[in-house]
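**Student:** heads up, no residue letters with this:
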């Protein structure tokens with residue numbers, strides 16, 4: 001099956017550029033039946049592109065599909081479907097929604113280890129797979145709002161879930177009469193067409209806007225929770241901490257704050273159709289984050305520095321082989337995160353729009369201090385218990 005990533009022709013404002021001729025993709029959704037087709041010829045007359053981009057061309061026609069079936073049976077405004085519910089952000093979205101009284105349904109891929117913790121919290125779990133579009137429609141029955149915070153797993157092709165799956169999800173949402181769609185994207189995704197994941201996120205944003213669904217797009221800069229596995233745990237375990245020599249700055253935000261702001265935005269009619277960027281109070285370099293972790297852990301980190309030039313060469317080499325293309329795609333994202341870039345945005349206007357006090361947003365210092373205080377206390381308690389249980393003969 002050949003594939004092409006493009007946006008609907010009505011969104012194209014710049015002339016088309018050369019792209020991989022092997023890529024061609026089209027999905028159609030009729031009101032009387034949910035039908036998905038893939039055809040190279042179906043897009044042969046489609047012109048235009050997401051923008052003048054060199055590596056990826058995102059196009060998906062909506063003219064022949066995504067027909068809204070509403071009006072239908074009324075659904076409760078509190079009925080939501082969370083896509084990507086087991087992820088770092090998704091699980092916080094679920095918890096916040098349940099705490100605020102929403103009726104939460106979680107779309108989870110069939111897995112050997114079921115997501116029982118979601119059921120324990122009080123959510124309903126439904127099995128579906130974005131890479132299998134025929135499994136999506138049933139999950140949307142009786143749903144008012146979709147919150148999509150999913151992304152593909154590292155071991156699978158980026159376009160399988162993050163482009164094909166998301167287009168199918170949006171088309172199904174349109175056909176099923178979903179009232180609101182919240183899509184999580186990446187800050188500055190429109191500025192890095194050389195990175196497939198960021199390009200796809202940008203194209204998905206435009207595809208959602210063109211679908212006609214009432215929507216909110218949220219671009220995130222970085223999650224504080226990601227720092228724990230990348231820096232905090234290795235330091236505590238006296239393992240190597242990997243970093244680069246680039247001065248990238250990221251304004252990390254606690255996913256609990258992101259979840260809280262998301263539901264404030266969801267209830268605010270003035271936010272409909274808007275693009276919001278959620279950024280933490282301050283942007284940090286890798287070295288500054290490591291220094292914070294060292295201070296709160298009370299020990300030095302074993303830092304292994306990877307030059308950005310090595311990332312570039314590695315990405316170029318992996319492009320030479322078809323079976324390593326996906327590795328190259330993810331290295332491209334790593335390269336951007338390791339470049340002289342600032343992933344941050346002013347939040348004053350957003351706070352004002354949402355009626356949020358900036359003082360209520362957790363800082364990275366506070367987050368890491370709480371983490372290390374709690375984890376070091378637990379380690380101390382475990383060590384004490386271990387000594388008490390020692391038996392000498």
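**Tutor:** Arrived safely, thanks for sending. The shown structure was predicted, so the numbers you read here are calculated from the model rather than taken from an experiment.
**Student:** For the stretch 201-350 of the chain, which segments count as helices?
**Tutor:** Ranges of helices in the stretch 201-350 of the chain, per DSSP state H, counting those that start in this stretch, are 225-227, 233-236, 255-267, 286-297, 308-318, 325-337, 348-354.
**Student:** helices or strands next to the second one in the packing?
**Tutor:** What it means is helix 233-236. Helices and strands touching helix 233-236, by 3 or more CB pairs under 8 Å, 6 or more residues apart in numbering; DSSP states H and E, are strand 240-244, helix 286-297. C-beta here means a position set from N, CA and C on the backbone, and glycine is covered the same way.
**Student:** Confidence-wise, which of these is weakest overall?
**Tutor:** Of all the helices and strands packed on helix 233-236, strand 240-244 carries the lowest average pLDDT, namely a mean of 78.
**Student:** how far off helix 286-297 does that strand point, in degrees?
**Tutor:** Going by axes from the mean of the first three to the mean of the last three CA atoms, to 10 degrees, strand 240-244 is angled at 150 degrees with respect to helix 286-297.
**Student:** What is strand 240-244 packed up against?
**Tutor:** helix 233-236, helix 286-297, strand 302-306.
**Student:** That strand: partners in the sheet, and parallel or antiparallel?
**Tutor:** Sheet pairing of strand 240-244 (DSSP bridges) gives strand 302-306 (parallel).
**Student:** Could you give me the buried positions within the partner strand?
**Tutor:** residue 303 (16 or more other CB atoms under 10 Å).
**Student:** what mean pLDDT would you report for it?
**Tutor:** 80.
**Student:** can you tell which of the helices and strands packed on helix 233-236 is closest to residue 226?
**Tutor:** When these are compared by CB to CB, helix 286-297 sits nearest residue 226, at 10.4 Å.
**Student:** Tell me the helices and strands packed up against that closest one.
**Tutor:** Packing contacts for helix 286-297, counted by 3+ CB pairs under 8 Å, 6+ apart, involve helix 233-236, strand 240-244, helix 364-388.
**Student:** Comparing these, which yields the minimum mean pLDDT?
**Tutor:** The weakest mean pLDDT among the helices and strands packed on helix 286-297 belongs to strand 240-244, with a mean of 78.
**Student:** which SS state does residue 185 fall under?
**Tutor:** Recorded secondary structure, residue 185: strand (DSSP: H, G, I helix; E, B strand; the rest coil).
**Student:** hey, what's it bridged with?
**Tutor:** Applying DSSP bridges to residue 185 gives these bridge partners: residue 219.
**Student:** residue contacts, it?
**Tutor:** 201-202, 204-205, 217-220 (CB atoms under 8 Å, 6 or more residues apart in numbering).
**Student:** What's the separation between it and residue 291?
**Tutor:** Residue 185 sits at a distance of 30 Å from residue 291 (criterion: CB to CB, to the nearest Å).
**Student:** what's the answer for residue 346, then?
**Tutor:** 25 Å.
**Student:** Compare those two (neighbour count), which wins?
**Tutor:** Neighbours were counted for residue 346 and for residue 291 using other CB atoms under 10 Å; residue 291 has more, 14 against 9.
**Student:** Could you measure from that one over to residue 132?
**Tutor:** According to CB to CB, residue 291 and residue 132 sit 46 Å apart.
**Student:** Could I get the phi/psi values of the residue nearest to residue 75 when sequence neighbours are not counted?
**Tutor:** Sequence neighbours aside, residue 144 is the residue nearest to residue 75 in space, at 4.7 Å (criterion: CB to CB, 6 or more residues apart in numbering). Main-chain torsions, residue 144, degrees, to the nearest 10: phi -90, psi -40.
**Student:** show me what contacts residue 144?
**Tutor:** By CB under 8 Å, 6+ apart, the residues touching residue 144 are 75-80, 178-180.
**Student:** What are the phi and psi values at residue 282?
**Tutor:** As for residue 282, its main-chain torsions (degrees, to the nearest 10) stand at phi -150, psi 150.
**Student:** For burial, what's the neighbour tally of the spatially closest residue to it that is not a sequence neighbour?
**Tutor:** Spatially, and ignoring its direct neighbours in sequence, residue 282 is nearest to residue 251 (6.3 Å; CB to CB, 6+ apart). When neighbours are counted by other CB under 10 Å, residue 251 registers 22.
**Student:** Next: residue 294.
**Tutor:** 16.
**Student:** That one reaches residue 288, doesn't it?
**Tutor:** No: the criterion here is CB atoms under 8 Å, and residue 294 misses it with residue 288 at 10.7 Å.
**Student:** Any quick PyMOL command for the buried ones out of the contacts of residue 144?
**Tutor:** Selection of the buried residues among the contacts of residue 144 in PyMOL, burial being defined by 16+ other CB under 10 Å:
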select buried, resi 75+79+80+178+180
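**Student:** and the least confident of the contacts of residue 144?
**Tutor:** residue 75 (89).
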